[in-house]
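# Have a look at this prediction, sequence included:
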Amino acid sequence: MTTLLTKIRKITGWTLIIASIVLMLVSMAVATTGELLRAGGLWVASQATWYPGLALLGPEIVQK
């Protein structure tokens, strides 16, 4: 039986992982235009969302 908090943790974790992937792709697209400072900021933002998402999904990632 999955509790409400576990469902919220999973949804939040996957949302952060998806946001991180989108930010990383956008930063690569921005870098191709030559705006490296903006691309670097987006890259840092993608890393700042990746690790908390990974921490929230820790048990599920280990199972896979």
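Cool, the structure landed.
# host element of residue 43?
Per DSSP states H and E: residue 43 is located in helix 36-56.
# so where is this structure shaky, pLDDT-wise?
For the chain, the stretches flagged by pLDDT under 70 are 1-2, 64.
# related to what we said a few turns ago, in the helix holding residue 43, what's buried?
Residues of helix 36-56 classed as buried: 39, 42-43, 45-46, 49-50, 53, 56 (neighbour count, 16 or more other CB atoms under 10 Å). For glycine as for every other residue, the C-beta is placed from the backbone atoms N, C-alpha and C.
# which strands and helices sit next to that helix?
In terms of contacts (3 or more CB pairs under 8 Å, 6 or more residues apart in numbering; DSSP states H and E), helix 36-56 is packed against helix 4-32.
# Now do the helix it packs on and helix 36-56, the angle between them.
160 degrees (axes from the mean of the first three to the mean of the last three CA atoms, to 10 degrees).
# So which elements touch helix 4-32?
With contacts defined as 3+ CB pairs under 8 Å, 6+ apart, the packing partners of helix 4-32 are helix 36-56.
# The same query, at a cut-off of 10 Å, please.
Where contact means 3 or more CB pairs under 10 Å, 6 or more residues apart in numbering; DSSP states H and E, helix 4-32 is packed against helix 36-56, helix 58-63.
# got a markdown table for the ones you listed, with distance to residue 13 too?
Listed next are those as a markdown table, based on distance: least, CB to CB, whole Å:
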| stretch | distance to residue 13 |
| --- | --- |
| helix 36-56 | 3 |
| helix 58-63 | 8 |
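# do you know which of those helices lies nearest residue 30?
helix 36-56 (4.3 Å; CB to CB).
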